[in-house]
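In: the following comprises the amino acid sequence and a computationally predicted model.
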Amino acid sequence: MQDFGQIDVKPYLTTKSLVPENQETPIQFSNNDIVHPKLFYRRNHFTYPNFTFYFLTVEGLVHTSKAFSLQDIYSFPSKNVKAVLECSGNKRGLFQPKVFGEQWGKGAISQGIWKGVSLRILLQHTGLLNTAKEIVFEGHDFGERPDSNRIVHFSRSLPIEIALDPDTIIAYQYNSRPIPFKHGFPLRLIVPGWYGMASVKWIKKITVIDRAFKGPFQAKDYIYYPNKENEKGKFPVTNINVNSTIQFPREMQLLHKGIYEIKGIAWTGKGSIEKVEISFDEGHTWEPCQLDAIPQKYAWVSWNYKWNAANDGEYAIRSKATDTYGNVQPFDPFWNKKGYGYNAHDRIKVKIE
């Protein structure tokens with residue numbers, strides 16, 4: 001018999017839709033804190049854009065409007081930011097009652113190191129008028145929305161104080177390589193600590209305005225609507241909620257008796273992770289987990305727990321993260337009709353036999 005040697009088996013993205021392309025990272029099989037570009041989740045509202053010549057224009061309430069070439073951008077002082085990017089719809093499929101929208105599981109999240117120029121440095125070359133309140137970022141991607149027959153570009157705004165944060169960058173590299181086209185090449189806004197909708201891909205134009213931006217991806221989508229029947233109590237999606245995911249064991253896995261290392265990741269949009277705890281009795285009691293590294297701002301941290309599975313039976317395992325701002329994962333998610341920001345305890349079931 002011919003010896004084919006050891007076969008290399010690798011994880012793949014999980015397809016949620018093809019047009020536009022939306023695919024999940026196989027997060028349960030991610031063994032390090034840098035996600036390979038081929039396994040980085042993909043979230044699109046429209047088909048991929050086409051463009052030939054590239055300049056980034058900055059206009060609006062500035063002293064001097066400018067069009068920056070890529071060489072201009074590359075020539076400015078750069079910085080690296082290691083950050084989680086998480087779709088605000090991550091774990092949407094876990095909401096009860098169910099909500100409409102892409103039924104993401106736990107894999108609309110990835111992490112890596114982005115390199116670029118701080119937006120504030122770019123704006124030093126144009127100046128800002130005193131009346132500036134928000135900055136709008138328009139991507140090259142465009143199309144029709146389900147609620148309208150108008151053609152719109154994907155556009156989002158940031159408050160001036162977030163836009164001018166030194167860690168808000170115009171990125172051109174991911175993990176020391178040019179950003180892959182499907183993730184925003186040649187330039188992508190990175191807003192660490194905010195959900196991924198803020199990190200606009202394929203940036204076409206930056207416009208400084210003196211009012212609240214009312215584009216559909218700002219004023220209709222990416223809004224928490226706590227009430228199903230009306231807009232009472234609505235507020236915008238911004239910072240990533242404190243969260244955790246159990247990577248091993250996997251949901252409904254069968255295991256033999258023995259000692260296992262339960263593993264997972266935890267992350268937050270404000271501060272850093274302070275602790276992760278685990279429960280085997282539906283949250284009545286909790287045990288501390290071991291963090292694998294010193295938690296960093298913007299980044300997830302891996303954690304583990306040694307479990308002696310000595311008895312047969314079914315077990316529900318919950319994980320709960322707490323951040324340095326005192327935010328704690330709740331037992332139940334904050335239900336909202338568009339399904340954003342799910343961050344209840346992660347929960348899996350396993351059977352020991």
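Out: Ah, there it is.

In: can you give me the strands for the stretch 151-300 of the chain?
Out: 151-159, 169-174, 177-178, 188-190, 203-209, 223-224, 235-236, 243-248, 253-255, 258-267, 273-279, 287-288, 290-291 (DSSP state E, counting those that start in this stretch).

In: which of these sits closest to residue 23?
Out: strand 169-174 (16.5 Å; C-beta to C-beta). Any C-beta I mention is one placed from the backbone N, CA and C, and that applies to glycine too.

In: and the closest one, what other elements does it pack with?
Out: helix 70-75, strand 79-86, strand 109-118, helix 119-124, strand 188-190 (3 or more C-beta pairs under 8 Å, 6 or more residues apart in numbering; DSSP states H and E).

In: hmm, try it at 10 Å
Out: helix 70-75, strand 79-86, strand 109-118, helix 119-124, strand 188-190, strand 203-209 (3 or more C-beta pairs under 10 Å, 6 or more residues apart in numbering; DSSP states H and E).

In: out of these, which one sits most buried?
Out: Highest mean neighbour count of the helices and strands packed on strand 169-174: strand 188-190, a mean of 24 (counted as mean count of other C-beta atoms under 10 Å).

In: pLDDT (mean, whole number) over that strand?
Out: Mean per-residue pLDDT for strand 188-190: 98.

In: what's it in contact with?
Out: Residues outside strand 188-190 that contact it (C-beta atoms under 10 Å, 6 or more residues apart in numbering): 81, 83, 85, 114-116, 119, 135, 137, 139, 156, 158, 163, 167-174, 179, 184, 196, 198-203, 206, 298.

In: in TSV: the strands of the stretch 151-300 of the chain, plus distance to residue 92.
Out: Shown next, in TSV, are those (distance: least, C-beta to C-beta, whole Å):
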stretch	distance to residue 92
strand 151-159	19
strand 169-174	25
strand 177-178	30
strand 188-190	23
strand 203-209	26
strand 223-224	13
strand 235-236	17
strand 243-248	13
strand 253-255	23
strand 258-267	17
strand 273-279	23
strand 287-288	29
strand 290-291	28
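
In: wait, which of the ones you listed is closest to residue 314?
Out: Here strand 253-255 is closest among the strands of the stretch 151-300 of the chain (C-beta to C-beta), at 10.3 Å.

In: related to what we said a few turns ago, indicate which one of the strands of the stretch 151-300 of the chain is closest to residue 29.
Out: strand 243-248 (7.7 Å).

In: list the buried ones in the closest one?
Out: The neighbour-count check on strand 243-248 (16 or more other C-beta atoms under 10 Å) flags 243-248 as buried.

In: isn't residue 339 right next to residue 95, touching?
Out: Yes. Contact criterion C-beta atoms under 10 Å: residue 339 and residue 95 qualify, at 5.3 Å.

In: got any residues that touch both of these two?
Out: In contact with both residue 339 and residue 95: 89, 101, 103, 333, using C-beta under 10 Å, 6+ apart.

In: name only those of those that count as buried.
Out: Using 16+ other C-beta under 10 Å, the buried ones in the shared contacts of residue 339 and residue 95 are 89, 103, 333.

In: from residue 214, how far off is residue 15?
Out: Distance of residue 15 to residue 214, computed by C-beta to C-beta, to the nearest Å: 33 Å.

In: related to what we said a few turns ago, make TSV from the helices and strands packed on strand 169-174 and add distance to residue 131 to it.
Out: Output for the helices and strands packed on strand 169-174, formatted as TSV (distance: least, C-beta to C-beta, whole Å):
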stretch	distance to residue 131
helix 70-75	26
strand 79-86	29
strand 109-118	22
helix 119-124	14
strand 188-190	22
strand 203-209	9
